[in-house]
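Trainee: sequence first, predicted model second:
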Protein chains: 2
Amino acid sequence: MEVLEEETVYSGRIFDLKVHKIRLGSGRVIRREFVEHPGAVAIIAVKGDRILLIRQYRHPVRGWIIEIPAGTLEEGESPEQCARRELEEETGYRARKLKEVFKAYVAPGYSSELIHFFLAEELEEGVSKPEEDEITQVIWLDTRSVLEMISKGEVRDLKTISAVLWIASQGL
Amino acid sequence: MEVLEEETVYSGRIFDLKVHKIRLGSGRVIRREFVEHPGAVAIIAVKGDRILLIRQYRHPVRGWIIEIPAGTLEEGESPEQCARRELEEETGYRARKLKEVFKAYVAPGYSSELIHFFLAEELEEGVSKPEEDEITQVIWLDTRSVLEMISKGEVRDLKTISAVLWIASQGL
């Protein structure tokens, strides 16, 4: 694949929107519009059979939804540093054990975003300090309840669904 | 939440990019930039312990990745119609049994996209007819192999990871 032309059609706070003209292996020339994203982390924080969740207003989907803690990589920050920062900012918790368990593209058809998923264990409670325009509420739920909420459509965030199914697959 | 101003900063082939100025419940006024997306479907097609996957070039992530069949809702199309169309276009298969099993936002922080996940069973083989600029290859893998590929980082698409973990959770 060869990029023949590239244009930044919008430069945003978190991401840019790019349009590329590319030549495929077959010789055909096509246009692709996509979000250029710095990447993110998501934190699967567990204590016994419970998982740490937050409830927050998400304007793009016009509603309050339940998600695991997550956030965008800042410049020069490693995924692990970002995971520690976001976990503490959003929930107040610090993890004595933290390790990356898998990573995933959220929408590879139109976004470059890669999320690094971390398992956080041995949590110490502290004080959360959410960003001023984040409205969040911390909740602990046992994974069995979350699995039921997924099948009822009450938990609808894909990274959260993956996280809870991953916990179930590990027998955690 | 009240939308005070809205602007379409880019109108694309699949999605629009919007900027909204909104007033939060607290009275604070903030800006939110996000992708307005028509929604999509993803198909978890199984035969015995194997799952139907496709390998395709995804320019936003600059690589060939393994995914379950999926596609964007067309105007006036129901999620179920879309699932039948995309499954046949991308893989040639038709499903005698098809049902929605869960739905999820892929990136609720910056995209309105909701994916409807369908379980497809009792598959009949036919002829695939991918769109001209889609370069795809159909593969069948047993779910255990895919779980290993996820932990090795060889399967990196979040909808595919969720689908395979969901199958494992159902004991399918």
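Mentor: Alright, I've got the coordinates. Keep in mind that what you see is a predicted model, and the values were worked out from it rather than measured.

Trainee: buried set for stretch A:47-60?
Mentor: Burial within stretch A:47-60, assessed by neighbour count using 16 or more other CB atoms under 10 Å in any protein chain shown, is assigned to A:Ile51, A:Leu52, A:Leu53, A:Ile54, A:Gln56, A:Tyr57, A:Arg58, A:His59, A:Pro60. Every residue, glycine included, has its C-beta placed from N, CA and C.

Trainee: sorry, wrong one. I was asking about stretch A:31-41.
Mentor: Buried-residue list, stretch A:31-41, by 16+ other CB under 10 Å: A:Arg32, A:Glu33, A:Phe34, A:Val35, A:Glu36, A:His37, A:Pro38, A:Gly39, A:Ala40, A:Val41.

Trainee: and if you look at stretch A:68-82?
Mentor: Buried residues in stretch A:68-82, counted by 16+ other CB under 10 Å: A:Ile68, A:Pro69, A:Ala70, A:Gly71, A:Thr72, A:Leu73, A:Glu77, A:Pro79, A:Cys82.

Trainee: what does that stretch rub up against?
Mentor: Around stretch A:68-82, the neighbours that count as contacts under CB atoms under 8 Å, 6 or more residues apart in numbering or on different chains are A:14, A:37-45, A:51-54, A:85-87, A:89-91, A:98, A:100, A:115-116, A:118, A:157, A:159-160, A:163, B:109.

Trainee: setting the sequence-adjacent residues aside, check what's closest to A:Glu67.
Mentor: Spatial nearest neighbour of A:Glu67, chain neighbours left out: A:Asp157 (4.5 Å); criterion: CB to CB, 6 or more residues apart in numbering or on different chains.

Trainee: how about the helix or strand of chain A at the bottom of the mean pLDDT ranking and chain B, touching?
Mentor: Of all regular secondary-structure elements in chain A, judged by mean pLDDT, DSSP states H and E, the least confident is strand A:136-142 with a mean of 92. No. Applying CB under 8 Å from any CB of the partner chain, one finds strand A:136-142 out of contact with chain B, separated by at least 12.3 Å.

Trainee: immediately after that strand, which helix or strand?
Mentor: Following the chain from strand A:136-142 toward its C-terminal end, the next helix or strand by DSSP states H and E is helix A:143-151.

Trainee: quick one, that next one and strand A:136-142 angle?
Mentor: Helix A:143-151 and strand A:136-142 are oriented at 110 degrees to each other (axes from the mean of the first three to the mean of the last three CA atoms, to 10 degrees).

Trainee: next one: helix A:143-151 to chain centre, how far?
Mentor: Mean-position distance between helix A:143-151 and its chain equals 19 Å (CA atoms, centre = their mean, to the nearest Å).
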